[in-house]
Structures are given as C-alpha cells and as structure tokens.
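[1] sequence below, structure please.
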Amino acid sequence: MLVGGVAGPHIEGMAPLTESQLPLTVRAFVRCFPSTRLGARAARGAALHQLALWGHPGATELSEAAGIVVAELAANAVTHGRVPGRQFEVRLTLSAAVLAIEVADTMTEGRPPGPGEARMPDGEAESGRGMLLVEAVADRWAVLDRCPGKAVRAEIDLATPDHEPTAARAATTA
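    Residues are numbered from 1 along each chain as shown. As a prediction, this is how the structure comes out:
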C-alpha cells in the first residue's frame, strides 16, 4: 500500500501510516569486554568494525569521532571503574540522526566529572584529558547511574544538510 507516495504497512482496522509515522530503523550493538588495557583496545576495534558493517567505514568523521569516544571511555572504565572479576560493557545505538555510545562499568564509587566539570590537568600530567576529549568530540554526553555502577553516554549527531555535528566542527577548527 502507498501512503502519501511512500510504501507503508496496513493492518486491518488501523489507519495507514503517514510519512512522518514510518518505522524508524535503529541499529544496536552490545558487547562486554575484560577490564584490562587489552579489553579497552578490543572495545575500540569492535566498535569501529561494527560502524563499518553499518556503512560508516574508517577514516570518516563519524568513525574517527566514535573511535576517540570509545577509546577514552573504555580506558576510563578499565582504569577508574575496574572491579576485579567484572567486565565493562560497550553499547552503540545508531539511528538516522544520532550515534549513541555508552560505556558502563560496575564501580559505584568515583563518578567521572559531568559535562562542563572536567578541568585541564597540569601541563606535566600524563593523564586526565580523556573527558575533555569526549566533551570536544561529542554533541552531548552525560554520566548515568546503573545498578550496579555507572555509565557514560555520549551522542554524536550525524551530518544532515542543515546541521554540522560537533565532531565535524572540531575537526575543521583544530
């Protein structure tokens, strides 16, 4: 059946779908990794591989931004959120407009700073810049409570004709 020139399903007794009501495709990927440096590296690789399977291969603005976000959040999960014997989880959700990246660990203490709270470490410090990178690359991000533990969710907007995502702006101003 065509609805306003667009094919849409029709169920007896229900009004046909209009163009604004067509089903939304959301792709999801969820995987747990060991809370080790190797696990963090594997998480980044798996996320980039999944994005390539979804049509966003390496060396694109989206995959580069996602790689940075997954790498930093996974590194934080294994460095600051490690609970012996427990894994961390990476969840990717891709819609037509947004890639959401969520990394969760089971440590209940030591919440990372939230948006706008991260501060630049001393110039000599070898760590402490990860959340600043996430803030620079993601369009939105937040720290969420989970039971047990916490998750950091970052969202990267996909480019549309009238919107240039933060990741693209960051790349052109760097």
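[2] does the most centrally placed residue in the chain have beta-bridge partners, and which?
    Closest to where the C-alpha atoms of the chain average out (C-alpha atoms, centre = their mean) is residue 101, at 1.5 Å. Beta bridges link residue 101 to residue 92, residue 154, judged by DSSP bridges.
[3] and residue 67, helix, strand or coil?
    helix (DSSP: H, G, I helix; E, B strand; the rest coil).
[4] enumerate every residue touching the residue nearest to the centre of the chain.
    47, 66, 69-70, 73, 90-92, 138, 153-156 (C-beta atoms under 8 Å, 6 or more residues apart in numbering). From N, CA and C alone the C-beta is placed, and that goes for glycine too.
[5] so which of the residues you listed is the closest to residue 112?
    Proximity of the contacts of residue 101 to residue 112 (C-beta to C-beta) peaks at residue 73, which lies at 9.0 Å.
[6] ok, which stretches of this structure are helices?
    37-53, 61-80, 130-137, 166-173 (DSSP state H).
[7] please name whichever of those helices is nearest to residue 105.
    The closest of the helices of the chain to residue 105 is helix 61-80. By C-beta to C-beta, the value is 4.3 Å.
[8] now stretch 97-113: buried residues?
    99, 100, 101, 102, 103, 104, 105, 106, 107, 112 (16 or more other C-beta atoms under 10 Å).
[9] doesn't residue 153 make contact with the fourth one?
    Just to be clear, that refers to residue 102. Yes: taking contacts as C-beta atoms under 8 Å, residue 102 lies within contact range of residue 153: 4.4 Å.
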